[in-house]
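In: Following is a predicted model, sequence given first.
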Amino acid sequence: MTLPPFERFYDEHKEEIYAFLVRRLGRGRAEDAFQETFLRALRAYPKLRHGEHLRAWAYTIASRIAIDEHRRPRADADLPELASLDGRPAFAQLEHLADELPPTERAAVVLRYGYDLDYADIGAALGSNATAARQAASAGIRRLRRKERQ
Amino acid sequence: MSPVSPELDRRFRDAAATEHLLDVAYDLVDTPVGLLLVAATERGLCRIAYDAEPEQELERLARAFGVRVLRSARPIDPARRQLDEYFSGGRQHFDLTVDLALQADFNRRVLRELARVPYGEVVTYGELAARAARPGAARAVGTVMNRNPLPIVLPCHRVIGANGKLVGYAGGLERKESLLRLEGALL
């Protein structure tokens, strides 16, 4: 599938990405995060080689920005840090580990264990549903375990 | 669930243009000759389309200039303002930079000559060919007019047949007539 003009990508995903950011951050912070998500997508867009998994890609960017937003110190909130190993954020390690998984499993694993999305959101990101997302994530984890043993 | 507000949507579209992240910005401009799709790159105006099917037009722009095609009003504002002035009779000359980088040399030369044909005057295809240093290339000039990427701003409506007939117009003869009538070139 060839990469669609950015307008179409934006138009297709803006509502659900905004709703997702409102759930994660609340309305006040969702607006800045929304703009940042699509500006970041715009910067990276010409480097994409095809138009597949664009929804999951958009959720990955939005999740990363939501995490950055959470980390930003705020006077009125005390938010827990996400688990990290060796001082590196968990998602960076996972993304590297999951690199060789098939795209759907990779997205499910990264979004579930790297970004802590629930299965309903992951299902939305993958264009399927919570059950399929749970299956993709556990298939991905099984595959990673097998690889680890090899 | 609340949808993306028009303000937030506009803020993103403005920011995308201000940060120079777009290959092509476009918007729709309402005029007496219909809704126009007007597009610009960072280099200048690159497309004015009559009766545009947005899907197809966006694909075409993406193929020609790059995939970062986004509707964004701000970069199109100067063209919108000048088109408004033109249609209300207050402007005879467009002061806009144009992006003809993708045009073949001959086409570019003809389009540059075309831009010099004054408001309210007409030339024949043959005359325009001669001005572009290719006398006898009237037919080729006709093809360039037919594919003019920037109708109205590059005034191909001012080019007519040797017999005084309007001949043709990519946007339809009716529009050619109303543009010439607006300019007082037709009674």
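Out: Now that the structure is in, tell me what you want to look at.
In: any weak-confidence spans in the chain?
Out: Answering for chain A, as no chain was given. Applying pLDDT under 70 to chain A flags residues A:72-93, A:96.
In: my bad, the chain I had in mind was chain B
Out: For chain B (pLDDT under 70), the answer is B:1, B:187.
In: how about the helices of chain A, start to end?
Out: All helices of chain A, identified by DSSP state H, fall at A:6-25, A:27-44, A:54-71, A:90-97, A:103-109, A:119-126, A:130-149.
In: Which among these is found nearest to B:Y50?
Out: In terms of C-beta to C-beta, the element of these nearest to B:Y50 is helix A:6-25, at 19.6 Å. For the C-beta atoms, the positions are set from N, CA and C on the backbone; glycine is no exception.
In: just to revisit the earlier point, could the helices of chain A go into JSON lines alongside distance to chain B and mean neighbour count?
Out: Output for the helices of chain A, formatted as JSON lines (distance: least, C-beta to the nearest C-beta, whole Å; neighbours: other C-beta atoms under 10 Å in any protein chain shown):
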{"stretch": "helix A:6-25", "distance to chain B": "5", "mean neighbour count": "20"}
{"stretch": "helix A:27-44", "distance to chain B": "5", "mean neighbour count": "18"}
{"stretch": "helix A:54-71", "distance to chain B": "12", "mean neighbour count": "20"}
{"stretch": "helix A:90-97", "distance to chain B": "24", "mean neighbour count": "16"}
{"stretch": "helix A:103-109", "distance to chain B": "20", "mean neighbour count": "22"}
{"stretch": "helix A:119-126", "distance to chain B": "12", "mean neighbour count": "21"}
{"stretch": "helix A:130-149", "distance to chain B": "18", "mean neighbour count": "15"}
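In: right, and those helices - which one's nearest B:L186?
Out: helix A:6-25 (37.8 Å).
In: Next, the angle from the closest one to helix A:54-71.
Out: Relative orientation of helix A:6-25 and helix A:54-71, computed by axes from the mean of the first three to the mean of the last three C-alpha atoms, to 10 degrees: 40 degrees.
In: other SSEs contacting helix A:6-25?
Out: helix A:27-44, helix A:54-71, helix A:119-126, strand B:69-71 (3 or more C-beta pairs under 8 Å, 6 or more residues apart in numbering or on different chains; DSSP states H and E).
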